[in-house]
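>>> quick one, fold the following:
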Amino acid sequence: MAKSTDWMPTARTSVLTMCRKWLSYMTTGLRALWGIPESEFTLLEILFDTAEALLQKAQDETERTHVITAELQAAFKALTEKMRFFRDRYFKMPPLTEGDWAALGFKAKDPHPTPIPPPEGVPAASLSYPGGPSALTVHLGPMTGTRELNPGSDYGYAIYLGIMPQGGATLEQAASEKRYLMERPVDGKMLVHHRFTRRRREKLVFDAADAGMTAYVCCRYENGKGETGQWGPVVSAVIP
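So this is what the prediction gives:
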């Protein structure tokens, strides 16, 4: 499903309206100026004509069949993918002007975008057993007593993980690819394995050989620019 901030219309008729506007506006001279090959423009025309014809068929109850419905979905998928390609490849840079941008159906570009500040909140993690061997589930959210970050700040969770054998790792285990822990970590800096997620729940799957060892997890907020916030508390659980 498209995000609410996505520029692509959600209604099929609106997709056709936007594409029709593009085809009408992109004269031969503009296509040459913008570096659009004639073959790409012709393909966009064909995809538009196909999607429009199939939509008209699908709207006719006497014509609509399961085959037409499947073809319609495929046609609009192909058309929207090509439109996204056009926007990313040809529309995002000069020589397009602000007038061109508006004529193509896009909102005016903000010359002074709101900066995204580094995340300042503190997240917390908890661990549970989802069932089955060698797996734990990390539950993520704002630390109790702190305010959740604004979704507009483009943040996610940076999860750091370490595994410690009973009694601590040997030098050989600590130097292995898994970098087993020799001692209990006190903060996320001591955890070497890392993953990023925007979900509030993340499943961790371990090797069967790690069963009985202790998994340590610590997380912090991270935004789209890679800037991070404060470490949350370290939590642990025995790997089943």
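
>>> show me where the chain has strands.
For the chain, the strands defined by DSSP state E cover 123-128, 135-142, 155-164, 193-197, 201-205, 214-223, 235-238.

>>> give the pairing partners of the last one; include direction for each.
The reference is to strand 235-238. Neighbouring strands of strand 235-238 in its sheet, by DSSP bridges, are strand 214-223 (antiparallel).

>>> what does the fifth one give?
Strands that pair with strand 201-205, judged by DSSP bridges, come out as strand 135-142 (antiparallel).

>>> relative to strand 155-164, how tilted is the partner strand?
140 degrees (axes from the mean of the first three to the mean of the last three Cα atoms, to 10 degrees).

>>> before we move on, back to that, reformat the strands of the chain as JSON lines; add mean neighbour count.
Using the backbone N, CA and C atoms, a C-beta is placed for each residue, glycine as well. What follows is the strands of the chain, written out as JSON lines (neighbours: other Cβ atoms under 10 Å):
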{"stretch": "strand 123-128", "mean neighbour count": "18"}
{"stretch": "strand 135-142", "mean neighbour count": "17"}
{"stretch": "strand 155-164", "mean neighbour count": "21"}
{"stretch": "strand 193-197", "mean neighbour count": "13"}
{"stretch": "strand 201-205", "mean neighbour count": "14"}
{"stretch": "strand 214-223", "mean neighbour count": "23"}
{"stretch": "strand 235-238", "mean neighbour count": "15"}
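
>>> which regions of the protein lie under the pLDDT threshold?
Applying pLDDT under 70 to the chain flags residues 1-5, 61-63, 109-116, 148-154.

>>> spatially central residue in it, please.
By Cα atoms, centre = their mean, the chain has its centre lying nearest to Arg198, at 8.1 Å.

>>> thought Leu140 was touching it, still the case?
No: Arg198 is not in contact with Leu140 according to Cβ atoms under 8 Å; the separation is 9.7 Å.

>>> which residues do those two both contact?
Both Arg198 and Leu140 are contacted by Tyr157, under the criterion Cβ atoms under 8 Å, 6 or more residues apart in numbering.

>>> what's the domain layout of the protein?
12-103, 123-238 (automatic domain parsing).

>>> CSV for those, including distance to Pro117?
Output for those, formatted as CSV (distance: least, Cβ to Cβ, whole Å):
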stretch, distance to Pro117
domain 12-103, 25
domain 123-238, 7
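
>>> spatially, what comes nearest to the residue nearest to the centre of the chain if we skip its sequence neighbours?
Gly156 (4.1 Å; Cβ to Cβ, 6 or more residues apart in numbering).

>>> and that neighbour, how far is that from Gly145?
21 Å (Cβ to Cβ, to the nearest Å).

>>> likewise for Val138?
Counting by Cβ to Cβ - Val138 and Gly145 are separated by 20 Å.
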